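Engineer: no sequence for this one, just the structure:
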Ligand SMILES: [Fe+2]
Ligand SMILES: [Fe+2]
């Protein structure tokens, strides 16, 4: 019979998944910032790159709290989401629709993160890991604010701009 696994194992596994994802996102955001046309969107990506550095650090603290080495595990989901973002960068380069496309790609990333952090926070609560809950919640809030900021940028400008030719 397979070795018994518990919520501890799920938590550790999912932590490795999001740790891998955050480090990939950290590398992708500067490319998205360079690609963005609107200065406000560029600034939003740069700001979130800095926040993402903190997200990586917070995850390292959570690993420490559970007495494990900070280690990533390949996350195919984030690879796919980021590959779609690269595609938009390539295929919509120089067009009026680029920023709206980049926002859509970035929001897919944020929603993935929100799903992961929401689950991890809930599990940490169940496991009585109070300090981990605080760290995970701090990041979850920043991901949600970023998602909201991206919606504002899309509806204030980028979507309408994308309706017309560059
Ligand atoms: Fe993040
Ligand atoms: Fe994020």
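Structural biologist: In hand now; what should we look at? Just so it is clear, the structure is predicted and the values come from calculations on it, not from any experiment. Ligands and ions are numbered 1, 2, ... in the order given.
Engineer: interface residues of this structure facing ligand 1?
Structural biologist: For the chain, the residues in contact with ligand 1 (C-beta under 5 Å from the ion) are 52, 55, 113. The way it works is simple: take the backbone N, C-alpha and C, and place the C-beta from them, glycine included.
Engineer: neighbour-wise, which of those leads?
Structural biologist: Greatest neighbour count in those, by other C-beta atoms under 10 Å, goes to residue 55: 26 neighbours.
Engineer: Test my guess that that one contacts residue 139.
Structural biologist: Yes: between residue 55 and residue 139 there is a contact under C-beta atoms under 8 Å: 4.9 Å.
Engineer: and whichever residue of the chain sits closest to ligand 1, what does it touch?
Structural biologist: Nearest residue of the chain to ligand 1 (C-beta to the ion) works out as residue 55 at 3.7 Å. Shown in contact with residue 55 (C-beta atoms under 8 Å, 6 or more residues apart in numbering): 22, 139, 142.
Engineer: now with 7 Å?
Structural biologist: Counting by C-beta atoms under 7 Å, 6 or more residues apart in numbering, residue 55 makes contact with 22, 139.
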